[in-house]
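[1] this is a predicted model, with the sequence first.
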Amino acid sequence: MIRDITLGQYYQADSVIHKLDPRVKLVATIGFIISLFVVDSWVGYVVAALFLACMIKLSKVPFGYMVKGMRAIVFILLITVVFNLFLTPGEPLVTFWKLTITKEGLRIAVMMAVRLSFLIVGSSLMTLTTTPNSLTDGMEKLMGPLKYVKVPVHEVAMMMSIALRFIPILLEETDKIMKAQIARGADFESGNLIKKAKAMVPLLVPLFISAFRRANDLAMAMEARCYRGGEHRTKMKPLRYCGADRAAYGILLLYFVGCVAIRVWL
Amino acid sequence: MSLILNHVNYIYGEDTELAVHALKDINLVIPDGQFIGLIGHTGSGKSTLVQHLNGLIRPTGGAIYYNGEDIHDKDYDKKKLRSKVGLVFQYPEHQLFEIDVFKDVCFGPKNLGLSQKETELRAYAALKQVGLADEYFYQSPFDLSGGQKRRVAIAGVLAMKPDILILDEPTAGLDPKGRDEILDQIAKLKEETGITVILVSHSMEDVAKYVERIIVMSRGSVLYDDTPREVFGHYKELEQVGLAAPQVTYIMQALAKKGMPVDTSATTIKEAEQEILRALAL
């Protein structure tokens, strides 16, 4: 039940996108998000949609799988659309009761919906094609210059990768403890809010204890292998750009310049 | 009063590329009062199977009947089923949560809606059944040793007074002494109350001494379902699926090969001893 959330999960496949350097994908995702806010005409959105469609096709991630992950944010999307639809002043289109839909409101609402869904699909494409580990590797490298202003880049990256690594473990643990308590007659579903919150105690206490136990074990294991932070630490697989990565940067630049051009001249 | 599995199939992640066929056409009858060992290598589907028995997992195909009623019928009371079919998970000590041992054991019966008095009586009886000394009753469960925690967790299920008690690897991670103590305790409990006990394990050695019937699982199917004597006779096939017969089986087989006129079907050390003495006296 909990495992059905696909947003932000890695999808195993053998594709060009999967093989790209994580830094390229990070930069591309940020670039794509910026481009969504640069363009403001329908032509621009068509270009963005085409670009995104090509990337999805190249990534070999089934479209249905992606859409399934979107279900979680439908609610947020709906709120945005409704607010923009009714609360934008301008030329009235339809009026019923005290609510008015304006021409400008309709335009902004549709645009917001498109922008938001592209933004989410675009960024979930990154997490679907990059393992959490290489993602944090990429981030560490990209943020490398911040080290000179005393930002503990390596430590932050390490914390992030540990946190990400623990998500599936804790999900599995939750599932197990839940089942064990259900076997003892626990009821997590019925009752009012207070009763439901109380019913969580037999789940949360063992879960916290197990999380602390695991954290303790991990710290011990790291120390046993002489982990002492990022200083003088080398990588087994250092990130290096290759031909495909440079080509990807080229394509990205082309797309971005295109978007800016559409904004300026159209 | 029995549990019947009729053509039960279970597939993890059905309709995805990662689908795993965990149970393949399982047909079993579990009558009242049997002491059963469920054996299989890691990943053979034993844990998946036992979670079907109390309705935690719904089979993707087939049906399960308890006392003649389909447990996945719309108006079937699952909570009542779970009080009758008690399941002790692997490493059950990880589910403890209350501030003291006694309260934790009360959790099960309290969920059944019993009165305060009945709940406490049952909790007390259950803690006695697993052989926990009185001095631990009001300690935090997290201050106990591993073996004691496990007893408390088992008591937590026993307090619901199940007719069928299923223990998933109850001895995992315990030392030989702790293992023998827990298994002896379970055997004693079985004798006193006459309930059905299903012991899940990957070690024949552990269960051979206690059970009257062994179900061997391999790759999601039932490979053997017979008395220990018959099952251990297939020790060569058992090795092929990553299991082993108890050591006495090997000794008896070796002795027979050397020309000693022994019956090779002894399953416990005691039986083997008598058999060897008998052969020597000839």
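    In hand now; what should we look at?

[2] now for residue 28: which residues touch it?
    I'll assume chain A. A:126, A:248, A:252 (C-beta atoms under 8 Å, 6 or more residues apart in numbering or on different chains). In this view, the C-beta of every residue, glycine as well, is placed from N, C-alpha and C.

[3] meant chain B, my bad for not saying
    B:3-5, B:215, B:222, B:225.

[4] which of the residues you listed are buried? Put it as a ChimeraX command.
    Applying 16 or more other C-beta atoms under 10 Å in any protein chain shown to the contacts of residue B:28, the buried members can be selected in ChimeraX as follows:
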select /B:3,4,5,215,222,225
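
[5] most neighbours, which of the contacts of residue A:28?
    Counting neighbours by other C-beta atoms under 10 Å in any protein chain shown, residue A:126 comes out on top of the contacts of residue A:28 with 22 neighbours.

[6] spatially nearest residue to that one (excluding sequence neighbours)?
    In this structure, residue A:126 finds its nearest non-sequential neighbour in residue A:29, 4.5 Å apart by C-beta to C-beta, 6 or more residues apart in numbering or on different chains.

[7] show me where the stretch 101-250 of chain B has helices.
    With DSSP state H, counting those that start in this stretch as the criterion, the stretch 101-250 of chain B has helices at B:101-111, B:116-129, B:146-158, B:176-193, B:204-208, B:228-233, B:235-240, B:247-257.

[8] quick one: buried residues of the second one?
    By neighbour count, with 16+ other C-beta under 10 Å as the criterion, the buried positions of helix B:116-129 are B:119-120, B:122-124, B:126-127, B:129.

[9] ok, and the closest non-adjacent residue to the closest residue to chain A within the stretch 101-250 of chain B?
    Nearest residue of the stretch 101-250 of chain B to chain A: residue B:111, at 3.1 Å (C-beta to the nearest C-beta). Leaving aside its sequence neighbours, residue B:111 sits nearest to residue A:185 (C-beta to C-beta, 6+ apart; 3.1 Å).

[10] who are the contact partners of the one you found?
    B:79, B:82-83, B:107-108, B:111-112, B:160.

[11] and what of residue B:221?
    Applying C-beta under 8 Å, 6+ apart, the residues contacting residue B:221 are B:23-26.

[12] rewinding a little: worst mean pLDDT among the helices of the stretch 101-250 of chain B?
    Across the helices of the stretch 101-250 of chain B, helix B:204-208 has the smallest mean pLDDT, namely a mean of 82.

[13] what helices and strands are in contact with that helix?
    Here helix B:204-208 touches strand B:35-40, strand B:196-201, helix B:228-233, going by 3 or more C-beta pairs under 8 Å, 6 or more residues apart in numbering or on different chains; DSSP states H and E.

[14] redo these as CSV? Include distance to chain A and mean neighbour count.
    As requested, the helices and strands packed on helix B:204-208 are arranged in CSV below (distance: least, C-beta to the nearest C-beta, whole Å; neighbours: other C-beta atoms under 10 Å in any protein chain shown):
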stretch, distance to chain A, mean neighbour count
strand B:35-40, 16, 24
strand B:196-201, 14, 24
helix B:228-233, 28, 20
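
[15] between these, which one is nearest to residue A:152?
    Closest to residue A:152 of those is strand B:196-201 (C-beta to C-beta; 47.3 Å).

[16] okay, strands next: where are they in the stretch 1-150 of chain B?
    B:3-12, B:20-30, B:35-40, B:61-66, B:69-70, B:85-88 (DSSP state E, counting those that start in this stretch).

[17] what's the answer for chain A, then?
    A:92-96, A:99-102 (DSSP state E).

[18] which helices and strands sit right next to the first one?
    Judged by 3+ C-beta pairs under 8 Å, 6+ apart, strand A:92-96 is in contact with strand A:99-102, helix A:103-129.

[19] single out the most deeply packed of these.
    helix A:103-129 (a mean of 18; mean count of other C-beta atoms under 10 Å in any protein chain shown).

[20] and the angle for that one with strand A:92-96?
    Interaxial angle, helix A:103-129 versus strand A:92-96 (axes from the mean of the first three to the mean of the last three C-alpha atoms, to 10 degrees): 90 degrees.

[21] any idea of the mean pLDDT in helix A:103-129?
    pLDDT averaged over helix A:103-129 gives 85.

[22] how far off centre is that helix?
    The chain centre lies 13 Å from the centre of helix A:103-129; the measure is C-alpha atoms, centre = their mean, to the nearest Å.

[23] so which residues on chain A come close to chain B?
    Within chain A, the positions near chain B by C-beta under 8 Å from any C-beta of the partner chain are A:176-177, A:179-187, A:201-202, A:205-206, A:209-210.

[24] which one is residue A:181 nearest to, not counting chain neighbours?
    Nearest residue to residue A:181 in three dimensions, chain neighbours excluded: residue A:202, at 4.9 Å (C-beta to C-beta, 6+ apart).

[25] tell me the contacts of the one you found?
    A:177, A:181, A:186, B:95, B:97, B:107.

[26] present the residues you listed as a markdown table; the columns should include neighbour count and distance to residue A:12.
    Compiled in a markdown table, these are given as follows (neighbours: other C-beta atoms under 10 Å in any protein chain shown; distance: C-beta to C-beta, whole Å):
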| residue | neighbour count | distance to residue A:12 |
| --- | --- | --- |
| A:177 | 23 | 28 |
| A:181 | 24 | 33 |
| A:186 | 22 | 35 |
| B:95 | 29 | 32 |
| B:97 | 21 | 36 |
| B:107 | 22 | 40 |
